[in-house]
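Novice: I need the structure of the sequence given here:
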Amino acid sequence: MLGWHNVWMSRHAKEHAIEATRVGREVLSGVRPLYALAIVVGLAYCAKGSEAVLFVYGILAAEGGKFVALTGGAAAA
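Specialist: Predicted coordinates:
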């Protein structure tokens, strides 16, 4: 899953950066309300949070819940 994420992001990261910049500029110029930028940031934050949860869950599933593996993986996420 992490490998596929890296492949997908290498193809689509530029598009996402351009879109985020466009939304920020539109908020600054008054074309869009401030909450539009808050939604974009909130969705990005939720996406990163879900990645961390999946990562830690994978450690739990593979290691049987060993404390050292769990804390190391959670710190890395």
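
Novice: how about low-confidence regions in the chain?
Specialist: Low-confidence regions of the chain, defined here as pLDDT under 70, cover residues 1, 63-65, 69, 73-74, 77.

Novice: let's see it at 90
Specialist: In the predicted model, the chain carries pLDDT under 90 at residues 1-13, 16-17, 20, 37, 40-41, 43-77.

Novice: The residue nearest the centre of it sits in which helix or strand?
Specialist: Residue closest to the mean C-alpha point of the chain, counted by Cα atoms, centre = their mean, is K48 at 2.6 Å. With elements taken from DSSP states H and E, the one containing K48 is helix 34-63.

Novice: okay, the angle between the helix or strand immediately after that helix in the chain and helix 34-63?
Specialist: Moving toward the C-terminus from helix 34-63, the first helix or strand encountered (DSSP H and E) is helix 67-76. With axes from the mean of the first three to the mean of the last three Cα atoms, to 10 degrees applied, the angle from helix 67-76 to helix 34-63 works out at 160 degrees.

Novice: Contacts for helix 67-76 next, please.
Specialist: Taking Cβ atoms under 8 Å, 6 or more residues apart in numbering as the criterion, the residues outside helix 67-76 that touch it are 52, 55-56, 58-60, 62-63. Backbone N, C-alpha and C define where each C-beta goes, glycine included.

Novice: from those, which is closest to H5?
Specialist: Set against H5, the nearest of those by Cβ to Cβ is F55 (10.5 Å).

Novice: For F67, see how far away that closest one is.
Specialist: Taken as Cβ to Cβ, to the nearest Å, the spacing of F55 relative to F67 amounts to 16 Å.
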